[in-house]
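**Student:** just the structure for this:
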Amino acid sequence: MLLAAVAVAGAVGAVLRYLVDRAVQARTKSDVPIGTLVINVSGAVVLGFLTGAGLHHHLAAEWVTVFGTGMVGAYTTFSTFVYDVRRLLTEDGPASALVNVAASVLLGLASAAAGLALGAVV
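**Tutor:** Residues are numbered from 1 along each chain as shown. Next comes the predicted model:
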């Protein structure tokens, strides 16, 4: 049953990723992969929240698995991030790629910490 729930949540996360990326990129009209950044940062907040709720409020491990591994795991995307960095490196140069990496890592860590803190208090 848990495997089926993870699969369904993963399908939902993948569709959400596609829809959010398209919506963000359509609004920014930029070659910079803002959609991937928004997806990974928002996913870090959600995963941090789930972790905080699991640690501090005894959110069932099954819920963390279904939503954390299934939905957020499919929603966030390291492979697209790596592809975007490679593309920026070849098309725009190392400075653009480095800014993207730094922004993604720093914002991702800060967002995960914020989500963890929120999950601890809510």
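**Student:** tell me the mean pLDDT for the host helix or strand of residue 13?
**Tutor:** Here residue 13, judged by DSSP states H and E, is contained in helix 2-28. Averaging pLDDT along helix 2-28 gives 96.
**Student:** what about the protein, any weak spots by pLDDT?
**Tutor:** Regions of the chain meeting the criterion pLDDT under 70 are absent.
**Student:** what segments of it are helices?
**Tutor:** Along the chain, the segments classed as helices by DSSP state H run 2-28, 34-57, 61-63, 73-75, 78-91, 94-121.
**Student:** can you lay out these as CSV showing mean neighbour count?
**Tutor:** No exception for glycine: its C-beta is placed from N, CA and C like everyone else's. Formatted as CSV, the helices of the chain follow (neighbours: other Cβ atoms under 10 Å):
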stretch, mean neighbour count
helix 2-28, 15
helix 34-57, 20
helix 61-63, 12
helix 73-75, 21
helix 78-91, 14
helix 94-121, 16
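**Student:** how near is residue 92 to residue 100?
**Tutor:** Distance from residue 92 to residue 100, counting by Cβ to Cβ, to the nearest Å: 9 Å.
**Student:** and for residue 77?
**Tutor:** 14 Å.
**Student:** tell me what angle the helix holding residue 13 forms with helix 34-57.
**Tutor:** For helix 2-28 against helix 34-57, the angle by axes from the mean of the first three to the mean of the last three Cα atoms, to 10 degrees is 140 degrees.
**Student:** with adjacent residues omitted, what lies nearest to residue 17?
**Tutor:** When the adjacent residues along the chain are set aside, residue 17 lies closest to residue 75, with 4.9 Å between them (Cβ to Cβ, 6 or more residues apart in numbering).
**Student:** since we're on residue 71, how many residues are nearby?
**Tutor:** Using other Cβ atoms under 10 Å, residue 71 is surrounded by 25 other residues.
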